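In: everything below, folded, please.
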Amino acid sequence: MAVIAYKGRLAPARHVISAARELGAYGDLLRNLVVRDLKVRYRGSVLGFAWSLLNPLLMMAVFTLVFQVLAKADPIERYPFFLLAALVPWLFTQHALTSAMRSVTSNAQLIKKVYFPRELLPISAVLASFVNFVLAYAVFWAVAVPFGVGTTRAMLFIPLLMGLHLVLVLGLGLLLAAVNVFFRDTEHIVEVGMLAWFFLTPIFYAMSIVPNNTVLGLDIHRWVFMFNPMATLVTDYRYAFMWGFLPIRHTLVTLVIAGAALGAGWWLFRRLAARFAEEL
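Out: As a prediction, this is how the structure comes out:
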């Protein structure tokens, strides 16, 4: 079994390449796991995949009613689409991380009986959610255009943003899946953490309402925005989708965070994978 950790340090590049090749050899298994996850998600559901579209639409209706009608917050132009442009990516993040975190513990019997690269489990969970995300965003775009959200050259960056988003979620998913095997309270902590992350991300509000206060000489608005990768991503989705702007410079920070998350998640997962069977 290939490893990417050696004596507690990051392994040489050849071990990373070997691990990647091993995953490639199990491509058919990965595809079957993704298909299985997609089927399980909608098993027993009458509407099936339609829930991937209905869920953000229902949430959009609730937030629009609360913040634009009842609370009478500062109006935002085309608020339903402003909200959906961020809500659909957020729901992908939430579902993918939750599924990936539980992917190892929920497959204990499979892990004890059969050898395969264990990281296939969280990867397949994230990819299944990503498939739904891509399809939901495509339908959202098809519906939005007739309502005045036109096509722009900046939309060409959306696949790149989705790729960056996928890297970030994969890294976090691998990390959470590994930790959850040894510390089952992870699920409860993540549940609260996801709620806090949701409110700290400008999904149902504009980033401009965050006060430009300084604490110890630091601009809170700027630093919270820079080091919250989801804040950058949802803003980029909106910029490219609704206003035709190119991705903002803070995207480079998110690129670094996503790369670090993937490296740390992969390293930790491979380091702990050999102990999964005894812990489960």
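
In: run a quick neighbour tally on the closest residue to Gly173 other than its chain neighbours.
Out: Spatially, and ignoring its direct neighbours in sequence, Gly173 is nearest to Ala100 (3.0 Å; Cβ to Cβ, 6 or more residues apart in numbering). For the C-beta atoms, the positions are set from N, CA and C on the backbone; glycine is no exception. When neighbours are defined as other Cβ atoms under 10 Å, Ala100 has 28 of them.

In: likewise Pro56?
Out: Residues contacting Pro56 under the criterion other Cβ under 10 Å number 22.

In: please apply the same query to Val131.
Out: The criterion is other Cβ under 10 Å. On that basis, Val131 has 17 neighbouring residues.

In: where does pLDDT dip in the stretch 51-200 of the chain?
Out: 51-52, 68-75, 146-151 (pLDDT under 70).

In: before we move on, the earlier item: from what I can see the residue nearest to Gly173 touches Pro122, true?
Out: Yes: in this structure, Ala100 is within contact of Pro122 by Cβ atoms under 8 Å, at 3.9 Å.

In: still on that earlier bit, helix or strand: which one has the residue nearest to Gly173?
Out: Per DSSP states H and E: Ala100 is located in helix 79-103.

In: by contact count, what packs against that helix?
Out: Where contact means 3 or more Cβ pairs under 8 Å, 6 or more residues apart in numbering; DSSP states H and E, helix 79-103 is packed against helix 50-63, helix 120-144, helix 158-182, helix 186-200, helix 229-238.

In: mind listing what's buried in that helix?
Out: Within helix 79-103, the residues that qualify as buried are 79-103, counting by 16 or more other Cβ atoms under 10 Å.

In: how about stretch 223-238?
Out: With burial defined by 16+ other Cβ under 10 Å, the residues of stretch 223-238 counted as buried are 224-226, 228-238.

In: and stretch 263-278, by the same measure?
Out: Neighbour-count burial for stretch 263-278 flags 265-273, 276 (criterion: 16+ other Cβ under 10 Å).

In: give me the neighbour count for Asn180.
Out: Neighbour count of Asn180, defined by other Cβ under 10 Å: 22.

In: now do the SS call for Ile248.
Out: What DSSP: H, G, I helix; E, B strand; the rest coil gives for Ile248 is coil.

In: give the contact list for it.
Out: If a contact means Cβ atoms under 8 Å, 6 or more residues apart in numbering, then Ile248 has 232, 235-236, 239 as its contacts.

In: format the residues you listed as CSV; extra columns: distance to Leu127 and pLDDT.
Out: Below are the contacts of Ile248 laid out as CSV (distance: Cβ to Cβ, whole Å; pLDDT from 0 to 100):
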residue, distance to Leu127, pLDDT
Thr232, 23, 90
Thr235, 25, 89
Asp236, 22, 90
Tyr239, 26, 85
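
In: so how far is Ala25 from the residue nearest to Met155 when sequence neighbours are not counted?
Out: Spatially, and ignoring its direct neighbours in sequence, Met155 is nearest to Ala240 (5.6 Å; Cβ to Cβ, 6+ apart). Counting by Cβ to Cβ, to the nearest Å, the gap from Ala240 to Ala25 is 36 Å.

In: show me which of those two is the more surrounded one.
Out: Remark: of Ala240 and Ala25, Ala240 carries more neighbours, 22 against 11, as counted by other Cβ under 10 Å.

In: surely that one is in contact with Phe157?
Out: Yes: between Ala240 and Phe157 there is a contact under Cβ under 8 Å: 5.0 Å.

In: picking that back up, out of the buried residues of stretch 263-278, which is nearest to Leu168?
Out: Among those, Gly265 lies closest to Leu168 (Cβ to Cβ), at 9.9 Å.

In: the closest residue to the closest one other than its chain neighbours: how many residues sit nearby?
Out: Distances taken as Cβ to Cβ, 6+ apart put Leu174 closest to Gly265, at 3.4 Å, once the chain neighbours are dropped. For Leu174, the neighbour count with other Cβ under 10 Å is 30.

In: again with Phe183
Out: Residues near Phe183, counting by other Cβ under 10 Å, number 10.

In: just Leu53 next, same as before
Out: What Leu53 shows, counting by other Cβ under 10 Å, is a neighbour count of 17.

In: likewise Leu58?
Out: Counted with other Cβ under 10 Å, residues neighbouring Leu58 total 11.
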